[in-house]
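**Student:** Only the shape, not the letters, is given here:
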C-alpha cells in the first residue's frame, strides 16, 4: 500500500474515532442536563475531543505510517 493511501486511511480512522468518542460524551452530558444543544459546553466538548484526537494521532503516526522497509519506493 502506498504512503498516500495509508495516510488517508489513518486520518479517516482518527476522524471516526474523534466523532464517535465526542458524540458519546456529548450524548451523556446532554442527557445529564449539564448543557443544552448548541451551547458553548457542546462546542467545547467537540473541540476538546478534537484536540485530544489530533495529539494522539500525531503521537502514534510514526508507528502506523512507517512501512518498516527502507527499500520500498511505495513506503
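**Tutor:** Sure, I can see it. All values derive from a computational prediction rather than experimental measurement.

**Student:** For this protein, which segments are assigned as strands?
**Tutor:** Using DSSP state E, no strands are assigned anywhere in the chain.

**Student:** where does the residue nearest in space to the middle of it land on pLDDT?
**Tutor:** To find the centre residue of the chain, average its C-alpha atoms and take the closest one (C-alpha atoms, centre = their mean): that gives residue 14, at 3.2 Å. At residue 14, the predicted lDDT confidence score is 96.

**Student:** who's in contact with the spatially closest residue to it that is not a sequence neighbour?
**Tutor:** Sequence neighbours aside, residue 57 is the residue nearest to residue 14 in space, at 4.4 Å (criterion: C-beta to C-beta, 6 or more residues apart in numbering). Glycine gets a C-beta too; all of them are placed from N, C-alpha and C. Residues touching residue 57, when contacts are defined by C-beta atoms under 8 Å, 6 or more residues apart in numbering, comprise 10-11, 14.

**Student:** what separates residue 57 from residue 18, distance-wise?
**Tutor:** When distance is defined by C-beta to C-beta, to the nearest Å, residue 57 is 9 Å away from residue 18.

**Student:** circling back: thinking the residue nearest to the centre of the chain is in contact with residue 50, fair?
**Tutor:** No: in this structure residue 14 lies outside contact range of residue 50 using C-beta atoms under 8 Å: 9.9 Å.

**Student:** follow-up on the earlier one: please list all residues in contact with the residue nearest to the centre of the chain.
**Tutor:** With contact set as C-beta under 8 Å, 6+ apart, residue 14 has these partners: 53-54, 56-57.

**Student:** From the contacts of residue 57, pick the one nearest residue 63.
**Tutor:** If you rank these by distance to residue 63 using C-beta to C-beta, residue 10 comes first, at 10.3 Å.

**Student:** show me the contacts for that closest one.
**Tutor:** If you count contacts by C-beta under 8 Å, 6+ apart, then residue 10 has 57, 61, 64-65 around it.

**Student:** Also residue 54?
**Tutor:** By C-beta under 8 Å, 6+ apart, the contact list for residue 54 reads residue 14.
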